[in-house]
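> Got a predicted model here, sequence first, then my questions.
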Amino acid sequence: MSHFYPTAEYAEEQPLARTILATHVASRGFQLGTALGLISCTIESAFKRRTITIPLLLRSAGAGSIIGAGVSTVGMIGRMWGRENIEWADRSWRLRYNTGQSAIDNWSEPGAVIGAVTVALRRPSTVLVGWRGVVGGAGIGSLVGMIGCITFTEAFQHKSK
């Protein structure tokens, strides 16, 4: 997200403030929903004593990611309803200048693309998982990118001290 939107020198002048904030909230909800979908799939499989398969994980992650993105977006609308444009601009501007958020975006966006393409290009698997599997692949790739960013950042910070 950090490379796709323009940024302003001052928060009051931030263009596309609503779009930036909505994209950020939806992408974080997408990641959270993916994680919750994977956790619920694992717990459900343990209780039902059935084997966890890759198509099952992908479909659960896909459904969770869509639900997570939707719920977080509705929550953002509820939170920001009736707010002034300056409040949207300020929050968006702070997101744009937050180096941690930019780093997470720079790792999780390519991860999502790689995950979706990996699932989509696997011919036998695509038939088994459908669109939820491809979306699940994107969600898992996004999570892997976020975890990779955090791990890399922590390892790099500890080395420099």
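It's in.

> gap between the longest helix along the chain and the chain center?
As assigned by DSSP state H, the longest helix anywhere in the chain is helix 123-160. Distance, stretch centre to chain centre, for helix 123-160: 9 Å (CA atoms, centre = their mean, to the nearest Å).

> That one packs against which elements?
Applying 3 or more CB pairs under 8 Å, 6 or more residues apart in numbering; DSSP states H and E, one finds that helix 123-160 makes contact with helix 17-48, helix 54-80, helix 99-121. C-betas here are computed from N, CA, C, even on glycine.

> Same list (those) but as JSON lines, adding distance to Gln157, mean neighbour count and mean pLDDT.
Converted to JSON lines, the helices and strands packed on helix 123-160 look like this (distance: least, CB to CB, whole Å; neighbours: other CB atoms under 10 Å; pLDDT from 0 to 100):
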{"stretch": "helix 17-48", "distance to Gln157": "22", "mean neighbour count": "18", "mean pLDDT": "94"}
{"stretch": "helix 54-80", "distance to Gln157": "29", "mean neighbour count": "19", "mean pLDDT": "95"}
{"stretch": "helix 99-121", "distance to Gln157": "12", "mean neighbour count": "18", "mean pLDDT": "92"}
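
> what's the closest of those to Val135?
Among these, the nearest to Val135 by CB to CB is helix 54-80 (3.9 Å).

> tilt between that closest one and helix 123-160?
60 degrees (axes from the mean of the first three to the mean of the last three CA atoms, to 10 degrees).

> What is the subsequent helix or strand relative to helix 54-80?
helix 85-97 (DSSP states H and E).

> for the record, mean pLDDT for the longest helix of the chain?
On average, the pLDDT along helix 123-160 is 84.

> Show me the one of the helices and strands packed on helix 123-160 that comes nearest Val129.
helix 54-80 (4.7 Å).

> Which strands or helices does the closest one pack on?
helix 17-48, helix 123-160.

> Mind putting those helices into a markdown table with distance to Gly70?
Shown next, in a markdown table, are the helices and strands packed on helix 54-80 (distance: least, CB to CB, whole Å):
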| stretch | distance to Gly70 |
| --- | --- |
| helix 17-48 | 7 |
| helix 123-160 | 12 |
